[in-house]
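*Asks:* how does the following fold in three dimensions:
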Amino acid sequence: MPPLKMTAKKSTGGFASRIVLTVPDQDSVTATTESMEIDQDGSEHNNAEDVIFRCLVCHIGRQRDNENREPYFGFYKGGLPILNKFLPVRATLEVSKRAQISSSPVLFLHLNLVDNDTTGGPFKLAYQFIEPYFPRGGLHYEEVSFDVATPQKLTEYLKDASRVVQDLRKQRIWPRIVIAMTNHTDNDSGDPFAGYVNGKYISAAIDEFLTIILKPWKQMISDAGESFLWFFCCGALINNVDSFNLLRKSLQSHRISASIAFTARRFQPNFACHLLLAFVELVLIECVSITYAFPHMLGQSNKLGRHTDIILMLTDTLTGDISTTKYSWANSDHRPWGHNLPIQCPDCGCVDAWRSASKAGVYLFECSNDSCRKSLRFEKPANAVKLTPGKTNSSCWLSMDLDTSA
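*Replies:* Predicted structure coming up:
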């Protein structure tokens, strides 16, 4: 009988036995003069080598730094305007004054568990969204499947990934790398799946797992000015205290600039589409720091808040320390202070039965079944801060600093 291919069944997560793994360009800013009326007076100087063009946003920035208000002339020679009168601007600002349009190369790297179907996933969508901004190249998408459950498979992964790394490094040094880790996690331990043995998925501790999976890419990440790691996996990775602590310790050693994870027990990556597209627009295209951009990213992702809390882990470039912030969506009727209001009363079994008894800082809900005395109380977390982006009369995002000792 010919040998049969040992392929694991399609999985949506669950449980997996743990094994021990062993280890065998500069930014440029694009400006346009299409929205400016350039007078012909002085136009003979516009093409001179010592004449510079100052974009409107740069002029505003200089003005803010110097605290002086000056007319905008656009073209300057030796710091002095060459036009006889100021340059009329017909357009309005369509992006933040903090923003710029960057063409700094970006590598999208998708590390996906073997046989894990990601059709229509948000990461490829994000790449397609940013693609028109790179008509002359400088943008690349690479997808690599991993199965490192046995020493032989581990060796094959390292060999294949190293070959991809060599090809990418021949192209250029990538100043910005965005990594998506699409995987399942063990429901109890939070261990990520590493592959399969004898047709069954197995898992490994998160620190061992990241050491193995990121080993071929370590130098590229080190060479990059910014690196971002998105964990598209279920929330046991975060909700299990031991797993979460191991994750933060591991991120310290890998020096990832920023990492994003989710807490939903059965996380659905497609719900994160708006968050990821806002990340691409604000952080990758407009060069806004992720620390400043993240609340605005959340402001476009209120529906995601119904599904999951979000964890942002930032690495200090000098000390390597990890700062961790939890973001929860709060709604006065459905998620008081970021807590889930049960659909069903646990005492009488009635569904959709809660009525608000008080909303003055402390939310009190009682069962509307007159024969039931069940009530629930929700208080504001001690360190919760309300965020303005996306805020409505009944809902907002909350940010909470977590214990960052890793």
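
*Asks:* in the chain, where is pLDDT below threshold?
*Replies:* In the prediction, the chain carries residues with pLDDT under 70 at positions 1-13, 22-49, 64-67, 93-100, 359-360, 403-406.

*Asks:* and Ile101, how far is that from Leu298?
*Replies:* From Ile101 over to Leu298 the distance is 23 Å, taken as Cβ to Cβ, to the nearest Å. (Each C-beta comes from the backbone N, C-alpha and C, glycine too.)

*Asks:* between these two, which is the more surrounded one?
*Replies:* Shown here are Ile101 and Leu298; by other Cβ atoms under 10 Å, Leu298 has more neighbours (26 against 17).

*Asks:* so the more buried one lies in a strand, does it not?
*Replies:* No. Per DSSP: H, G, I helix; E, B strand; the rest coil, Leu298 lies outside any strand segment and is helix.

*Asks:* in the longest helix seen in the chain, what counts as buried?
*Replies:* When secondary structure is assigned using DSSP state H, the longest helix within the chain turns out to be helix 151-171. Buried positions in helix 151-171, judged by neighbour count with 16 or more other Cβ atoms under 10 Å: Lys153, Leu154, Tyr157, Leu158, Ala161, Val165, Leu168.

*Asks:* before we move on, what about stretch 137-144?
*Replies:* Using 16+ other Cβ under 10 Å as the test for burial, stretch 137-144 gives Gly138, Leu139, His140, Tyr141, Glu142, Glu143, Val144.

*Asks:* can you flag which of the residues you listed belong to strands?
*Replies:* Counted as lying in strands by DSSP state E, out of these, are Leu139, His140, Tyr141, Glu142, Glu143, Val144.

*Asks:* which residues in the protein form helices?
*Replies:* 56-66, 122-130, 151-171, 206-214, 218-223, 236-239, 241-254, 273-279, 290-299, 302-307.

*Asks:* most packed of the ones you listed?
*Replies:* Using mean count of other Cβ atoms under 10 Å, the stretch among the helices of the chain with the largest mean neighbour count is helix 236-239, at a mean of 23.

*Asks:* packing partners of that one?
*Replies:* Helices and strands touching helix 236-239, as assessed by 3 or more Cβ pairs under 8 Å, 6 or more residues apart in numbering; DSSP states H and E, comprise helix 241-254, strand 258-262.

*Asks:* redo the ones you listed as CSV? Include distance to Ala149.
*Replies:* CSV is the format used below for those (distance: least, Cβ to Cβ, whole Å):
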stretch, distance to Ala149
helix 241-254, 19
strand 258-262, 23
